[in-house]
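Student: sequence first, then the predicted structure:
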Amino acid sequence: MLGKYIEEVRNNTPLVHNITNYVTVNDVANVLLACGGSPIMSDEPEDVEDITSICQGLNINIGTLNKRTIESMFIAGKRANKLGHMVLLDPVGAGASTLRTNTAVELMKKIKFNAIRGNISEIKTLAYGSGTTKGVDADVADAVTEENLENSIKFIKEFAKKSETIIAITGAIDLVSDGKRCFVIRNGRPEMGKITGTGCQLSGMMTAFLVANPNEQLEAAAAAVCTMGLAGEIGWSYMKEGDGNSTYRNRIIDAIYNMDKETLDKGAKYEIR
Amino acid sequence: MLGKYIEEVRNNTPLVHNITNYVTVNDVANVLLACGGSPIMSDEPEDVEDITSICQGLNINIGTLNKRTIESMFIAGKRANKLGHMVLLDPVGAGASTLRTNTAVELMKKIKFNAIRGNISEIKTLAYGSGTTKGVDADVADAVTEENLENSIKFIKEFAKKSETIIAITGAIDLVSDGKRCFVIRNGRPEMGKITGTGCQLSGMMTAFLVANPNEQLEAAAAAVCTMGLAGEIGWSYMKEGDGNSTYRNRIIDAIYNMDKETLDKGAKYEIR
Amino acid sequence: MLGKYIEEVRNNTPLVHNITNYVTVNDVANVLLACGGSPIMSDEPEDVEDITSICQGLNINIGTLNKRTIESMFIAGKRANKLGHMVLLDPVGAGASTLRTNTAVELMKKIKFNAIRGNISEIKTLAYGSGTTKGVDADVADAVTEENLENSIKFIKEFAKKSETIIAITGAIDLVSDGKRCFVIRNGRPEMGKITGTGCQLSGMMTAFLVANPNEQLEAAAAAVCTMGLAGEIGWSYMKEGDGNSTYRNRIIDAIYNMDKETLDKGAKYEIR
């Protein structure tokens, strides 16, 4: 029963510092507000230590990284580690460029992350040092399916154990593991792939869930994934003739805004392996 | 009767140069278009003098400041001052970091602002040199309430007089003062706090109102505040089952788009103290 | 019959690298997804060669240019040229500042563009070296009208021939020419001017259309223009009481998402001159 984890977000209003891309940043902010958190964005090296210090969580997303913001990621990450804050990495496009892959790998070496959330191609890149990322979307050849589920679970558990971090791989089937257990989640809709940034939004929200539930981090991360997927299902149910991906984007955020314990308890579709 | 001030915006289509954060910039642009203005964004030191020169107003927002854009703020501000343009400061997160506080204070020293709009914590930081800003949201302990209204009015009048600028403090109760008079405004809804950037949007819109009404700047600034709050009320009246903060964001901008003289005249709730 | 060109976009899912402004970037991404493409954004000099190499098209938009992103535009453009990718230029604000004008002119010298899309003032600036751009919007004095249509067609044909590029001038009447033929397009609605970034969105979408239809580039570019204008008409037909420019923005993207061959075949209003 994962509903209580969103309740804790609403009770605690976690303040989350985001160093994130300028493509989806507005949606990340509105999703953080929708789930009960509070967002702040800052990516200047001289600003990030102060800002992250007044927050409880840090969400690092490399979607439109540049040299200045990369420097800020390391500065903020180290400070957040020192203060014992929750820190999450979203390795957008790892595998698509040397800079992205190296930055993500280097961040994993220097910063202790509580969770890393990406698509299967990005996570495989981090695990194996190279990947087949097709831009910022996962390569179909990599996708987690019912057919390769056993092997995918084995892969994520091993990588989570080795990296000592919760790993979340999102796609048609979502996997969330801490190395021991693996949540296999079947919420969501394929049309969510037609909206830019649902992954980025989830990373921001997951950071808030981790902050609000520090003693059950795996469950909290899984609850965030279920919330996003279930919001995709609920949002879809409000779609009318003529609606498309732009209205769907609003509908999903609206559904997160209206998500309560009972709805999440009932709607979350997961098994633990 | 504040309706005529938005009419003047629609009659004059003020071109507003925005140096603003990348979180809410799209909404700021759409709000400027909604109220009858025209937005242009530019934050490169080599570009801002030219751009601000062809505009009539400048909106400086430090929400995601960095060293490059800070330099641009000073360059553009000086040029705008020289040309007699309306200039507004939105000190996002002043009090939350040394860089933000110092930048806002330094801007106030070097640039003549027609108006400064922020939440109570940000404005207190500028007035007292330190604050209790909780991220980019006001600290509850600072909030303007019916109980402390007298003292809050006294505070804003003194600070407006001292800084020779119109000060706008927005929150549950909004205050706008030029040091002599203070508009106390009771439009708006608490749910507006669940949308990122309503403050940034208001700052952009206020700049357009000032440009279009140069001889009644206090009234123009107050009219912008009333427009935003009233749009929050009207937008809310269109909300349906399943709607949340993302749809509400659209509804508010839509309500600004549809705001006319009569609606604003009727709906503005203010007293002058 | 232009419907088949959007069908090719949906069949090929062209991956488009965008170096674009932070004002409208989210809408550009969602429009690319809506029409059947896939967006990736990257603007760091050390990142853009890798990113553009895995794409099939490059969309360069100078809306919020800075020195770092200008460098990236040249690096990515040269690489894209080398790889034979489709490359498009959106010269936002050319004529409004020396930096913008010079950057656009220099890009045209160093990079081979398949298409350049702008408003009439921006394109006149590129053609004559100076313009009367009013901010990022076209000057009314420049507008293409039924009265000056003959001369406008002559102008665009000459400039397209001279620059060896498809030129698209969008406004109340849209013109798209390769120097020999000129599509005169009468889709769209005036209210589209009250939304920020419909031009930027069109540039992103046009890049995807060019990638998917490399052997009929003029038709593909014209089909993208018709798609945008027709989406503006269809989106408007869904507008209800209380709706404004923010909802209209969503409705237009939704209409692109739902656009199919038949709808575009029927709704495209153009003549070839």
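Tutor: Sure thing, it's come through.
Student: hmm, stretch A:83-96 in reach of chain C?
Tutor: Yes: Stretch A:83-96 lies within reach of chain C by Cβ under 8 Å from any Cβ of the partner chain, at A:93, A:96. All C-beta spots, glycine's among them, are computed from the backbone N, C-alpha and C.
Student: any buried residues in that stretch, and which?
Tutor: Of the residues in stretch A:83-96, those with enough neighbours to count as buried (16 or more other Cβ atoms under 10 Å in any protein chain shown) are A:85, A:86, A:87, A:88, A:89, A:90, A:91, A:92, A:93, A:94, A:95, A:96.
Student: need phi/psi at residue A:185.
Tutor: Geometry field for residue A:185 lists phi and psi as phi -120, psi 130, criterion degrees, to the nearest 10.
Student: circling back: just the buried residues of stretch A:83-96 now: which is nearest chain B?
Tutor: residue A:85 (13.6 Å; Cβ to the nearest Cβ).
Student: residues contacting residue A:253?
Tutor: For residue A:253, the contacting residues are A:27, A:30, A:31, A:34, A:201, A:231, B:244, B:245, B:246, by Cβ atoms under 8 Å, 6 or more residues apart in numbering or on different chains.
Student: what about the closest residue to it other than its chain neighbours, distance to residue B:191?
Tutor: Counting by Cβ to Cβ, 6 or more residues apart in numbering or on different chains, the nearest residue to residue A:253 once its immediate chain neighbours are dropped is residue B:246, at 3.6 Å. Relative to residue B:191, residue B:246 is positioned 12 Å away (Cβ to Cβ, to the nearest Å).
Student: look at those two and report which has more neighbours.
Tutor: residue B:246 (28 against 16; other Cβ atoms under 10 Å in any protein chain shown).
Student: mind listing what the more buried one touches?
Tutor: So, once contact is read as Cβ under 8 Å, 6+ apart, residue B:246 ends up touching A:30, A:34, A:249, A:250, A:251, A:252, A:253, A:254, A:257.
Student: now do the one helix or strand it maps to, average pLDDT.
Tutor: Assigned by DSSP states H and E, residue B:246 belongs to helix B:245-258. Within the predicted structure, the mean pLDDT of helix B:245-258 is 98.
Student: mind checking how far that helix is from the chain centre?
Tutor: Taking Cα atoms, centre = their mean, to the nearest Å, the mean C-alpha location of helix B:245-258 is offset from the chain mean by 17 Å.
Student: quick check on the residue lying farthest from the centre of chain A: phi, psi?
Tutor: With distances taken from the mean C-alpha point of chain A and given as Cα atoms, centre = their mean, the most distant residue is residue A:241, at 30.8 Å. Backbone torsions for residue A:241, taken as degrees, to the nearest 10, come to phi -50, psi 130.
Student: tell me the confidence at it?
Tutor: If you check residue A:241, the pLDDT there is 96.
Student: likewise residue A:141?
Tutor: For residue A:141, the model assigns a pLDDT of 73.
Student: what do you get for residue A:136?
Tutor: The pLDDT attached to residue A:136 in the predicted structure is 66.
Student: what do you get for residue A:100?
Tutor: The model reports residue A:100 with a pLDDT of 97.
Student: residue A:214: what secondary structure?
Tutor: Recorded secondary structure, residue A:214: coil (DSSP: H, G, I helix; E, B strand; the rest coil).
Student: what about it, how many residues nearby?
Tutor: For residue A:214, the neighbour count with other Cβ under 10 Å is 15.
Student: wait, it touches residue A:86, no?
Tutor: Yes: with contacts defined as Cβ atoms under 8 Å, residue A:214 counts as touching residue A:86 at a distance of 7.0 Å.
Student: which neighbours do those two have in common?
Tutor: Overlap of the contact sets of residue A:214 and residue A:86 (by Cβ under 8 Å, 6+ apart) is empty.
Student: show me the helices in the stretch 1-150 of chain A, by range?
Tutor: In the stretch 1-150 of chain A, the helices defined using DSSP state H, counting those that start in this stretch lie at A:3-12, A:25-35, A:45-53, A:67-82, A:98-110, A:120-128, A:149-163.
Student: and residue A:17, how many neighbours?
Tutor: For residue A:17, the number of neighbouring residues by other Cβ under 10 Å comes to 28.
Student: list the single closest residue to it in space, sequence neighbours excluded.
Tutor: residue A:55 (4.1 Å).
Student: next SSE after the helix holding residue B:246?
Tutor: helix B:261-267.
Student: buried set for that following helix?
Tutor: For helix B:261-267, by 16+ other Cβ under 10 Å, it's B:261, B:263, B:264, B:267.
Student: ok, the last one - contacts?
Tutor: Under the criterion of Cβ under 8 Å, 6+ apart, the contact partners of residue B:267 comprise B:187, B:226, B:230, B:233, B:234.
Student: list the buried residues in stretch A:119-130.
Tutor: By neighbour count with 16+ other Cβ under 10 Å, stretch A:119-130 contains the buried residues A:119, A:120, A:121, A:122, A:123, A:124, A:125, A:126, A:127.
Student: what's the neighbour count on the residue in chain A that chain C sits nearest to?
Tutor: Here chain A gets closest to chain C at one residue, residue A:244, 2.9 Å apart by Cβ to the nearest Cβ. As a burial measure, residue A:244 scores 26 neighbours (other Cβ under 10 Å).
Student: can you check residue A:103 too?
Tutor: Other residues within reach of residue A:103, judged by other Cβ under 10 Å, total 25.
Student: stretch A:198-207: how far from the chain's middle?
Tutor: Between the centre of stretch A:198-207 and the centre of its host chain there is 4 Å, according to Cα atoms, centre = their mean.
Student: how about the residues of chain A near chain B?
Tutor: Within chain A, the positions adjacent to chain B are A:15, A:22, A:25-26, A:29-30, A:33-34, A:38-44, A:46-47, A:50-51, A:54-55, A:68, A:234, A:238, A:249-258 by Cβ under 8 Å from any Cβ.
Student: give me the most central residue, chain A.
Tutor: residue A:203 (2.4 Å).
Student: that one sits in which helix or strand?
Tutor: For residue A:203, the enclosing helix or strand under DSSP H and E is helix A:198-212.
Student: C-alpha coordinates for that helix, PDB please?
Tutor: Taking Å, rounded to 0.1, in the frame of the first residue of the first chain, the C-alpha atoms of helix A:198-212 are listed here in PDB:
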ATOM      1  CA  THR A 198       7.400  13.000 -18.000                       C
ATOM      2  CA  GLY A 199      10.700  11.400 -17.000                       C
ATOM      3  CA  CYS A 200      12.100  14.800 -15.700                       C
ATOM      4  CA  GLN A 201       8.800  15.400 -13.900                       C
ATOM      5  CA  LEU A 202       9.000  12.000 -12.200                       C
ATOM      6  CA  SER A 203      12.600  12.700 -11.100                       C
ATOM      7  CA  GLY A 204      11.600  15.900  -9.400                       C
ATOM      8  CA  MET A 205       8.700  14.200  -7.700                       C
ATOM      9  CA  MET A 206      10.700  11.200  -6.700                       C
ATOM     10  CA  THR A 207      13.100  13.500  -4.900                       C
ATOM     11  CA  ALA A 208      10.300  15.000  -2.900                       C
ATOM     12  CA  PHE A 209       9.000  11.500  -2.000                       C
ATOM     13  CA  LEU A 210      12.400  10.400  -0.800                       C
ATOM     14  CA  VAL A 211      12.800  13.500   1.400                       C
ATOM     15  CA  ALA A 212       9.400  12.900   3.000                       C
END
